[in-house]
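Engineer: no sequence on this one, just coordinates:
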């Protein structure tokens, strides 16, 4: 089994069945397997989130968003991941990525509004010019 949540549910069911039959060795073995696979699953989630945040950082840098604070938090998150504090590392990286995505979205929204305003100003200037000519 690969450590997906469904696989873990199956193992948990098997562990519970072993417990109810008083087959404690099997229940213990299943519990250890659940813990190992859950840890692997969380590690993959952390790695995925670190990859996603790299893309967000590059985009944020490109549009001029300050990322100094995020770099510091990510260093701390990496240290937590290395010390096997995976859940805390995941939360930190996810929070940074969500914050960056929010700022990027806000930038894109403002940029769109500025473009629309520029178009309206240009259109109004063209109309004024046309009214003077006529």
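Structural biologist: The structure has been received and is ready for your questions. Just so it is clear, the model here is predicted, and its values are computed rather than measured.

Engineer: which residue is nearest the middle of the protein?
Structural biologist: By C-alpha atoms, centre = their mean, the chain has its centre lying nearest to residue 94, at 4.0 Å.

Engineer: ok, the residue nearest to it when sequence neighbours are not counted - contacts?
Structural biologist: Closest residue in space to residue 94, ignoring its immediate chain neighbours: residue 49 at 5.4 Å, by C-beta to C-beta, 6 or more residues apart in numbering. C-beta coordinates here come from the backbone N, C-alpha and C atoms, glycine included. Contact analysis of residue 49 by C-beta atoms under 8 Å, 6 or more residues apart in numbering lists 90, 93, 94, 97.

Engineer: any low-confidence regions in the protein?
Structural biologist: Low-confidence segments of the chain (pLDDT under 70): 1-5, 126, 128-134.

Engineer: what's the biggest helix by length in it packed up against?
Structural biologist: Ranked by residue count under DSSP state H, the longest helix found in the chain is helix 86-133. Counting contacts by 3 or more C-beta pairs under 8 Å, 6 or more residues apart in numbering; DSSP states H and E, helix 86-133 packs against helix 24-63, helix 68-82.
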